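Build me a model:
(2 chains)
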Amino acid sequence: AQSVAQPEDQVNVAEGNPLTVKCTYSVSGNPYLFWYVQYPNRGLQFLLKYITGDNLVKGSYGFEAEFNKSQTSFHLKKPSALVSDSALYFCAVKSSGSGYSTLTFGKGTMLLVSP
Amino acid sequence: KAGVTQTPRYLIKTRGQQVTLSCSPISGHRSVSWYQQTPGQGLQFLFEYFSETQRNKGNFPGRFSGRQFSNSRSEMNVSTLELGDSALYLCASSLSLLAGTSYNEQFFGPGTRLTVL
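Just a heads-up that it's a prediction; the model follows:
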């Protein structure tokens, strides 16, 4: 079975400071990893994905994520937070060897960026 | 390119009724997945369709069903509604989940907010 843990329900950061949203995963075999963001009353928007290759993945809106196989982590980062980054962030995982099975999502982390 | 559209956006039903939700994927996308989002359970996978065939199914009772049409549009139906079915139902489309050794991201619609009274 595959699973995702987002250990923080909420992350608070001041505008201009770096932010990190944590994600750890469990799959058999190699993982495919994703980050999505959800703004109020909206669906999820794709930010970035890791399939293979470089451990540092760059995505939309200045976000990046670092894949760490030994720690089974895929933390989302941004060097300088904006108030407009305030939203709900979801990490998702799938095993590369599980065929057409779909993603398993974490419970989400609310990011609040204060002015 | 138009995004994923879902209708209706909001729905209020009473216990015991049934409901049908509709999803139109991005043009050219053949995979459609449905998710239920609640504050307590987060995002839970309902089912995935590809070329009119249900390819995956989550752990939901048989009251939840779906189908996909030849134009890739999809509907999901919930019969005999229960209070616990109140949730945001999200539809997501993708070209095809698997693409060689890669895995395509899904594009989500805005959701249908279902309230069961």
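
List the beta-bridge partners for the closest residue to chain A within chain B.
In chain B, no residue comes nearer to chain A than residue B:108, which is 3.5 Å away by CB to the nearest CB. Every C-beta, even on glycine, is put in place using the N, C-alpha and C of the backbone. In this entry, residue B:108 is beta-bridged to residue B:92, by DSSP bridges.

In contact with it: list those residues for me.
Counting by CB atoms under 8 Å, 6 or more residues apart in numbering or on different chains, residue B:108 touches A:36, A:43, A:44, A:45, B:4, B:90, B:91, B:92.

Show me which residues of chain B sit near chain A.
With CB under 8 Å from any CB of the partner chain as the criterion, chain B comes near chain A at residues B:4, B:33, B:35, B:42-43, B:45, B:48, B:50, B:55-56, B:90, B:92, B:97-98, B:101-103, B:105-111.

what do you get if the cut-off is 6 Å, keeping everything else the same?
B:33, B:42-43, B:45, B:48, B:55-56, B:90, B:97, B:102-103, B:105, B:108-111 (CB under 6 Å from any CB of the partner chain).

Give me the buried subset of those.
B:33, B:42-43, B:45, B:48, B:55-56, B:90, B:97, B:103, B:105, B:108-111 (16 or more other CB atoms under 10 Å in any protein chain shown).

What is the burial count for residue 29?
You didn't pick a chain, so chain A it is. 9 (other CB atoms under 10 Å in any protein chain shown).

Please refer instead to chain B.
Using other CB under 10 Å: residue B:29 sits among 19 other residues.

where do the helices sit along chain B?
Using DSSP state H, no helices are found in chain B.

what's around residue B:80, how many residues?
Residue B:80: 11 neighbours (other CB under 10 Å).

so how far is residue B:25 from it?
28 Å (CB to CB, to the nearest Å).

For the residue of chain B closest to chain A, report the pLDDT, please.
Note for residue B:108: predicted pLDDT of 93.

Can you name the residue of chain A nearest chain B?
residue A:43 (3.5 Å).

how about low-confidence regions in chain B?
B:1, B:97-102 (pLDDT under 70).

can you give me the strands for it?
B:5-7, B:10-13, B:19-24, B:31-38, B:42-50, B:53-57, B:64-68, B:74-78, B:87-94, B:98-99, B:102-103, B:107-108, B:112-116 (DSSP state E).

top of the contacts of residue B:108 by neighbour count?
Busiest of the contacts of residue B:108 [other CB under 10 Å] is residue B:91, holding 30 neighbours.

Beta-bridge partners for the residue nearest to that residue when sequence neighbours are not counted, please?
Of all residues not flanking residue B:91 in the chain, residue B:23 sits nearest, at 3.4 Å (CB to CB, 6 or more residues apart in numbering or on different chains). Beta-bridge partners of residue B:23, counted by DSSP bridges, are residue B:6, residue B:74.

In chain A, where is pLDDT below threshold?
Using pLDDT under 70, chain A drops low at A:97-101.

Return the residues of it in contact with chain B.
A:32, A:42-44, A:46, A:49, A:51, A:100-102, A:105, A:107-108.

Whichever of these end up buried, select them in PyMOL.
Restricted to buried positions by 16+ other CB under 10 Å, the PyMOL selection for the residues of chain A next to chain B reads:
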select buried, chain A and resi 32+43+44+46+49+51+101+102+105+107+108
